[in-house]
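Participant: what would the 3D arrangement of this be:
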Amino acid sequence: MRATDVDAVMDVELRAYPFPWTRGIFDDCLRAGYPAWLLHVDGRLAGYGVLSIAAGEAHVLNVCIDPSLQGGGLGRRLFRALIDIARQRGAERVFLEVRPSNPHAIALYHDEGFNEIGRRPRYYPAHTGREDAIVMARELFAGD
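Facilitator: Numbering: from 1, shown residues only. The predicted structure follows:
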């Protein structure tokens with residue numbers, strides 16, 4: 001992802017989430033040098049993902065597939081690519097947060113070897129105030 005991609009990313013982000021990231025968050029991630037990748041299908045932006053990696057740990061910050069393309073395995077493909085990038089850049093474990101109200105994402109993360117390690121109370125904005133986050137993690141191994 002480059003700064004010139006953020007308009008297209010924001011179009012997907014705004015359609016995908018009731019509480020989307022702002023343009024400034026994407027800009028800050030790019031300025032910080034976080035790995036940020038796009039997934040294109042037939043020349044069209046299908047999704048994107050953003051990681052932070054430091055001190056042997058990676059944190060999946062955002063994974064999003066265009067709502068019109070969800071349910072076809074693209075999210076899993078993108079997520080696996082992010083995990084591979086984390087491993088290639090020396091991460092030994094990967095963390096993420098997910099809304100308890102997102103069972104499809106939780107199932108994907110479990111399928112990909114992540115386990116719940118805790119909760120962050122009132123982490124996400126929600127229509128009824130705030131929603132907790134489930135914190136999940138996975139160890140990465142060299143032969144994995």
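Participant: okay, and for this structure, where does confidence drop off?
Facilitator: Applying pLDDT under 70 to the chain flags the ranges 142-144.
Participant: next structured bit after the longest helix along it?
Facilitator: Assignment by DSSP state H gives helix 74-88 as the longest helix of the chain. Downstream of helix 74-88, the next assigned helix or strand under DSSP states H and E is strand 93-98.
Participant: that following strand pairs with which strands, parallel or anti?
Facilitator: strand 57-65 (parallel), strand 129-139 (antiparallel) (DSSP bridges).
Participant: follow-up on the earlier one: contacts for the longest helix of the chain next, please.
Facilitator: Residues from elsewhere that reach helix 74-88, judged by C-beta atoms under 8 Å, 6 or more residues apart in numbering: 35, 37, 39, 41, 46-49, 51, 53, 58, 60, 63, 65, 94, 105, 108-109, 111-112, 138, 140, 144. Yep, even glycine has a C-beta here, placed from its N, CA and C like the rest.
Participant: list only those of those flagged as buried.
Facilitator: 35, 39, 46-49, 51, 53, 58, 60, 63, 65, 94, 105, 108-109, 138, 140 (16 or more other C-beta atoms under 10 Å).
Participant: show me what counts as buried in the longest helix of the chain.
Facilitator: For helix 74-88, the neighbour count (16+ other C-beta under 10 Å) marks 74-75, 78-79, 82-83, 85-87 as buried.
Participant: now stretch 125-144
Facilitator: Buried, per 16+ other C-beta under 10 Å, within stretch 125-144: 131-138, 140.
Participant: with stretch 23-43 instead?
Facilitator: So for stretch 23-43, counting by 16+ other C-beta under 10 Å, buried means 26, 29-30, 34-36, 38-39.
Participant: ok, stretch 11-20 next?
Facilitator: 12-13, 16.
Participant: just put these in TSV and tack on secondary structure and distance to E116.
Facilitator: TSV is the format used below for these (DSSP: H, G, I helix; E, B strand; the rest coil; distance: C-beta to C-beta, whole Å):
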residue	secondary structure	distance to E116
V12	helix	27
E13	helix	26
A16	helix	23
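Participant: just put those residues in TSV and tack on distance to H127.
Facilitator: Formatted as TSV, the buried residues of stretch 11-20 follow (distance: C-beta to C-beta, whole Å):
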residue	distance to H127
V12	21
E13	18
A16	16
